[in-house]
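Chemist: give me a model of this one.
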Amino acid sequence: MKTIISALILLAILLPAALIAETHSIKGLWFDENKTSKIEIYQSTAGKFYGKINWLKAPNDAKGKPLTDKENPDPKLRNRPLIDLVILSGLVDKGDNKYTNGTIYDPESGKTYSCRGELTSENVLKLRGYIGLPTLGRSTVWTRATK
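Modeler: Residues are numbered from 1 along each chain as shown. As a prediction, the model looks like this:
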């Protein structure tokens, strides 16, 4: 009986913390800092986080054709559409709303950077892309979007 009571007390303590963590997940739909695209962040079966372009404010070029990954350094990939393009890869949840060990791809330049992130509130995600040291990088702030 004492074990059951201890288990219930532990559950009562841990359950609210688990619910809070879920409401502050990076999973979901995010606007980039300029609100020109929405990125859908999802979690893989391996537990890492990825983000793909879900929406573009201007999805077509001047000729009305869908935008492609034209700046990609690999010529074979330059014709793939930007919609559904994975630009955030492999982020690992380190706890305390911090994420590390990922990469972020910039389709405007065709460059990929190391990436870390921090969920500073339920609706604000600060990402830092860098080469080498995080101090030698650039931060961007994404805001949670609705569908």
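Chemist: helices of the chain, start to end?
Modeler: Counting by DSSP state H, the chain has helices at residues 2-23.
Chemist: where in it is pLDDT low?
Modeler: 1-23 (pLDDT under 70).
Chemist: right, and Asn123 touches Val141 too?
Modeler: No - counting by Cβ atoms under 8 Å, Asn123 stays clear of Val141, with 10.6 Å between them. Glycine gets a C-beta too; all of them are placed from N, C-alpha and C.
Chemist: beta partners for the residue lying closest to Asn79 once chain neighbours are set aside?
Modeler: Closest residue to Asn79 apart from its sequence neighbours, by Cβ to Cβ, 6 or more residues apart in numbering: Thr68 at 5.3 Å. With DSSP bridges as the criterion, Thr68 is bridged to Pro81.
Chemist: now do Thr68: how many residues are near it, please.
Modeler: The tally of other residues near Thr68 (other Cβ atoms under 10 Å) stands at 17.
Chemist: that one and Asn54: what is the separation?
Modeler: 16 Å (Cβ to Cβ, to the nearest Å).
Chemist: rewinding a little: got a list of what the residue nearest to Asn79 touches?
Modeler: 78-82 (Cβ atoms under 8 Å, 6 or more residues apart in numbering).
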